[in-house]
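> following is a predicted model, sequence given first.
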Amino acid sequence: MHGVLLDKLSGRPGFAEKRARLLELLRERSFQEREVTLSSGLKSNFYIDCKQVSFDAEGAALIGDLFHQLIEELAPTAVAVGGLTLGADPLATATSVLGFQAGVPRATFIVRKEPKGHGTNQWVESTKLAAGAPVVILEDVVTTGASTLRAIERSRLAGFTVLHAIGLVDRLEGGYEAVTAEAPLTTLFTKRDFLPES
């Protein structure tokens with residue numbers, strides 16, 4: 001997350017505390033410092049499985065609240081949130097529910113990895129959204145940016161206007177630069193929140 005934006009949002013009641021608690025959960029349940037081969041084929045000295053937190057009740061509530069606040073700051077006109085299945089599914093649901101509870105309802109949508117095998121053969125599942133609907137793409141972990149870029153591309157092909165992308169963790173491995181060539185990207189955390197010496 002950009003320092004200026006973080007400072008601004010940290011002044012809101014509860015934002016800094018919720019972000020700190022979410023980081024604590026991610027460190028406890030999602031982060032492992034070990035050699036691993038990522039889905040991109042790249043080798044890394046750490047692994048982070050955000051689903052261990054995004055599928056948890058407390059984790060989902062924290063993510064939904066924090067993402068909702070980010071969207072209100074960065075893309076308040078967005079009418080829907082979504083991204084590539086499966087990582088974005090719990091993020092979108094939590095953000096939609098917390099937004100509704102805050103009086104700002106936003107729909108969700110899911111970008112399939114393959115088109116639906118029957119019927120419309122569509123790539124995106126959503127409620128009926130108007131042509132050009134402004135949306136925000138959600139992501140759990142940004143590595144190369146490939147899944148975020150796929151979600152942006154498919155969302156645009158579905159007729160949506162992508163305002164921003166928001167993620168939980170940027171691994172600082174080139175994904176930020178790749179994504180921001182297509183849309184602004186903000187993440188709550190980066191690799192440095194887990195490995196300060198890196």
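Sure, I can see it. Numbers count the residues shown, from 1 in each chain.
> how about the helices in the protein?
Listed in chain order, the helices of the chain (DSSP state H) span 3-10, 15-29, 51-54, 57-74, 88-101, 146-157, 175-180.
> any chance of CSV for those, columns mean neighbour count and distance to residue 188?
Backbone N, C-alpha and C define where each C-beta goes, glycine included. Supplementary listing: the helices of the chain in CSV, determined by neighbours: other CB atoms under 10 Å; distance: least, CB to CB, whole Å:
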stretch, mean neighbour count, distance to residue 188
helix 3-10, 12, 9
helix 15-29, 16, 6
helix 51-54, 21, 12
helix 57-74, 20, 6
helix 88-101, 22, 11
helix 146-157, 20, 15
helix 175-180, 18, 13
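> could I get these as JSON lines with distance to residue 168 and mean pLDDT?
As requested, the helices of the chain are arranged in JSON lines below (distance: least, CB to CB, whole Å; pLDDT from 0 to 100):
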{"stretch": "helix 3-10", "distance to residue 168": "14", "mean pLDDT": "76"}
{"stretch": "helix 15-29", "distance to residue 168": "7", "mean pLDDT": "97"}
{"stretch": "helix 51-54", "distance to residue 168": "8", "mean pLDDT": "98"}
{"stretch": "helix 57-74", "distance to residue 168": "7", "mean pLDDT": "97"}
{"stretch": "helix 88-101", "distance to residue 168": "7", "mean pLDDT": "98"}
{"stretch": "helix 146-157", "distance to residue 168": "12", "mean pLDDT": "96"}
{"stretch": "helix 175-180", "distance to residue 168": "12", "mean pLDDT": "97"}
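> got a markdown table for the ones you listed, with distance to residue 139 too?
Rendered in a markdown table, the data for those read as follows (distance: least, CB to CB, whole Å):
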| stretch | distance to residue 139 |
| --- | --- |
| helix 3-10 | 17 |
| helix 15-29 | 14 |
| helix 51-54 | 11 |
| helix 57-74 | 11 |
| helix 88-101 | 6 |
| helix 146-157 | 5 |
| helix 175-180 | 8 |
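> which one is residue 77 nearest to, not counting chain neighbours?
Closest residue in space to residue 77, ignoring its immediate chain neighbours: residue 134 at 5.1 Å, by CB to CB, 6 or more residues apart in numbering.
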